[in-house]
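# Sequence and predicted structure are below.
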Amino acid sequence: MTKKRGLSRRDFLKLVGTSVVAASASGVLQACGGAEKVTLTLAIQAFAHDAMKPVIEAWEAKTGHTVVLESGPTTGQEMMTKYAPAFQSETSPVDVLSLDDVSGPAFSRAGWLEPLDDVIPAETWGDFPPSFLPPVDEDPFHSYEGKRYRVPHEFAVGYFWHRTDWFEDQNIEVPATWDEFVEVGKHFTSGDVWGTTEGMKKPALTFVYIAYLAASAGGKVFDFDEGTAVALQYAYDMLYTHKIMSETVLTQDYTQQNDLYMKDRVAMMRQWPYFWGVSRDNTDWYAEGKADITLPPAGPAGAKSWWGGWGFSLPKFSEKMDAAKDLIAWVSNNENAPILAEGQSWFVMPRTSILDVMKGGLVPYMGLYSESNALVPRPYHPKQADAETIVDDVSQLYLTKQLSLNEALQQGKDLMAALG
Amino acid sequence: MTATGSTTRTYNPWRYRLERYFNHFLLYFGVALFLFVILLPFYWITISSFTPRYQMFSIPPRWFPTEITFENYGKLVNNIPFFRYYFNSLIFAFSSAVVSVLFAFLAAYALARAHFRGSNIIFLIFIVSIAIPQIGTLVPLFELYKTVGLINSRLGMILLMSSLIIPFTVWTLVSFIQQIPKEMEEAAHIDGANLAQVLWQVVVPVVKPAIATMIIINFIISWNELLYPLVFATSSATKTLSVGLVELAVDPAMGAGRPWDLMSALSVSMIIPVLLLVLFFQRLIVSGLTKGAIK
């Protein structure tokens, strides 16, 4: 029987020495091989996931990190409900997220987002025309206190659509001014056909249209100023004086608006870019010339239309900040922007890198609006959702003849003042 | 002989019949009106779920579908991880209902039977907590859950939901337990039963309809709950169907705004389990709800 020998002092020192060397070596190897591999979460609406995948897979192959795509709420209000408690608790369930024009400014002002000025390379920022991405001090939707917090990935502008086939048949020019618009509208309005239409249903849609008209009138819609008065009066006149737009627009949504247009009952209208796909997918109805785009009729301040959209941001509380910074720079860079745009129309923007590659579809019209200086930013208010609701409510009261124009303007000013 | 001054109403069979018909008419009209108001949204959402998107907002509205399609359901399944969310919803709602009733029953028994100093205050605190706005508790709860590592976990969400519905359940069960004659429990004690046996073999059988009713009601409340899953479920592994409802988005190439076709299909999918539950346990629910009403 042999007596079991304990660990000698020499063996113990050997073991400790070997462990220290091994640990140091593994640290050096890890440093040489790059940082620890992490899994990041990128939150964006589900319909965009397929388009994101090739770009994400390329980044995963490049870095060795993994990305999980999560969907998120589709409105700014729900976005704030979902993320505010987490951000308030200085934690973040996502590492990169897509934010809209309501939640983005709210989160940046709350100090919950990481500045992107040094994260996104200068050539990416330079890819956006100034009319799309104004300087930081003039762009409350992407910037705050001189820093950028959101890099746009979506661009939605209200385009002016018209029936080229009708205009050509009747040898009429497409209206270039508000006055011409009324005259042409009167010409086409007959029986169940209207000169123009709109979706102005509450909530939100009345704001969209009045802000569109106010842009061409040179008004600041949240100030209920003279330009806004001109816009409201113009909308009123279209409804009741010139009768080129049905009163049902006040309760109509975009689906009904599009339905009316595609039933050959409207000659011209303002609509978001998605109508491009909707009209062309309606193969029973669509033919060339039925849904063309041109610049909006010019009001007192010119031919203008406001634009808004979604953009990528970095929550300040991401625990994988270095990798998240690399990811947001990757998904928004000039090489990947066209790939995303090819994969999903939601990512089509008037960026140079996209305009250079994509020639068809809406891209030329984006270029037209951008080059013609027709783009104005969405009206901004620190309490965006509440302010838009006030415009909605007051405009509806005026357009349904419950208030005079002066009463509506005064009520709008009072409510805005109370909002602070 | 003196004539009585009272005027006696002569029986007129026609008048009587007319009155009866009129009363029946009023009754049936009232019931029909009530059913119309209650069932119209269900009818509308059901036909919307089977209506092609382009027909949903036609003017004038179509009260009866001219074209039936299952396409909305197909698109719904592709738009969100529908079956995973469904499974999550079932686990979340069922577990929350059972856990809440289990703890509420024990608390309710204590509050109904054990009269100690401050027991009324504790009961009041339970009731007052029902009035606390849910949204006001989100941030502190998130802080707490972050500390204990329960964010985005099924267990965390079930505990959270249970904590929300326990006060209401306690409030309801206390009144049921108070109606059980104390003598029944005393007799069991005399026969040698311990507290657990008294609870399980005497109290539970008597309040079984109330317990079952509360499980069903709590299941429905949890099934429909949006706020807690929206905030605390941060990945598709834990998200529920109600979260899916706010995540449904229209492909921009296909339209804008809310996808009412998909939302209708999801709403019908969410209504079905609740409807089946209520239909199957209708008698139990009615007996549970009315048991405490008449003494």
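Structure received.
# Relative to residue A:256, how far out is the closest residue in space to residue B:66 that isn't next to it in sequence?
Nearest residue to residue B:66, sequence neighbours excluded (C-beta to C-beta, 6 or more residues apart in numbering or on different chains): residue B:55, at 7.3 Å. For every residue, glycine as well, the C-beta is placed using N, CA and C. From residue B:55 across to residue A:256, the span is 12 Å (C-beta to C-beta, to the nearest Å).
# higher neighbour count, these two?
residue A:256 (19 against 16; other C-beta atoms under 10 Å in any protein chain shown).
# Within the helices and strands, which one has that one?
With the criterion set as DSSP states H and E, the secondary-structure element containing residue A:256 is helix A:254-262.
# Name the surrounding residues that touch the helix or strand just after that helix.
The helix or strand immediately downstream of helix A:254-262 is strand A:266-271, counting by DSSP H and E. Contacts made with strand A:266-271 from outside it, assessed by C-beta atoms under 8 Å, 6 or more residues apart in numbering or on different chains, are listed as A:158-163, A:166-167, A:174-175, A:181, A:184-185, A:188, A:193-198, A:209, A:212, A:254, A:257-258, A:260-261, A:296, A:305.
# Only the buried members of the residues you listed: can you turn that into a PyMOL selection?
Filtering those down to the buried ones (16 or more other C-beta atoms under 10 Å in any protein chain shown) takes a single PyMOL command:
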select buried, chain A and resi 158+159+160+161+162+163+166+167+174+175+181+184+185+188+194+195+196+197+198+209+212+254+257+258+260+261+296+305
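# where do the helices sit along the stretch 1-150 of chain B?
Using DSSP state H, counting those that start in this stretch, the helices assigned to the stretch 1-150 of chain B run over residues B:13-49, B:71-79, B:82-113, B:119-130, B:138-148.
# So which other helices or strands are in contact with the last one?
What it means is helix B:138-148. In terms of contacts (3 or more C-beta pairs under 8 Å, 6 or more residues apart in numbering or on different chains; DSSP states H and E), helix B:138-148 is packed against helix A:76-88, helix B:154-178, helix B:227-232.
# Mean pLDDT and distance to residue A:373 added to those helices, as TSV?
Listed next are these as TSV, based on pLDDT from 0 to 100; distance: least, C-beta to C-beta, whole Å:
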stretch	mean pLDDT	distance to residue A:373
helix A:76-88	88	28
helix B:154-178	93	51
helix B:227-232	93	41
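# Could you identify which of the ones you listed is most buried?
helix B:227-232 (a mean of 24; mean count of other C-beta atoms under 10 Å in any protein chain shown).
# what about it, near chain A?
Yes. Helix B:227-232 comes into contact with chain A when judged by C-beta under 8 Å from any C-beta of the partner chain, the residues involved being B:227, B:230, B:231.
# For residue B:227, see how far away residue B:161 is.
To residue B:227, residue B:161 is 10 Å away according to C-beta to C-beta.
# neighbours of the residue lying closest to residue A:152 once chain neighbours are set aside, just the number please.
If you skip the residues right next to it in sequence, residue A:152 has residue A:311 as its closest partner in space, 4.3 Å away by C-beta to C-beta, 6+ apart. By other C-beta under 10 Å, 23 other residues sit near residue A:311.
# Do you know the pLDDT at the closest residue to chain A within chain B?
Going by C-beta to the nearest C-beta, chain A is nearest to residue B:234 of chain B, at 3.3 Å. With respect to pLDDT, residue B:234 has a value of 87.
# who's in contact with residue B:113?
Contacts here follow C-beta under 8 Å, 6+ apart; on that basis residue B:113 touches B:177, B:182, B:185.
# wouldn't the residue of chain B closest to chain A be in contact with residue A:91 here?
No. With the criterion set as C-beta atoms under 8 Å, residue B:234 and residue A:91 do not qualify as a contacting pair; they are 9.9 Å apart.
# Give me the common contacts of these two.
With contacts taken as C-beta under 8 Å, 6+ apart, the residues that reach both residue B:234 and residue A:91 are residue B:151.
# Quick check: chain neighbours aside, which residue is closest to residue A:349?
Once its chain neighbours are removed from consideration, residue A:349 has its nearest residue in residue A:155; the separation is 4.0 Å (C-beta to C-beta, 6+ apart).
# most packed of the helices of the stretch 1-150 of chain B?
Burial of the helices of the stretch 1-150 of chain B is given as mean neighbour count (mean count of other C-beta under 10 Å); helix B:82-113 ranks first at a mean of 20.
# Taking helix B:119-130 as reference, get the angle to that helix.
For the pair helix B:82-113 and helix B:119-130, the angle between their directions (axes from the mean of the first three to the mean of the last three C-alpha atoms, to 10 degrees) equals 150 degrees.
# Which one of the residues in the stretch 51-200 of chain A is closest to chain B?
Nearest residue of the stretch 51-200 of chain A to chain B: residue A:93, at 3.3 Å (C-beta to the nearest C-beta).
# Cheers, nothing more for now.
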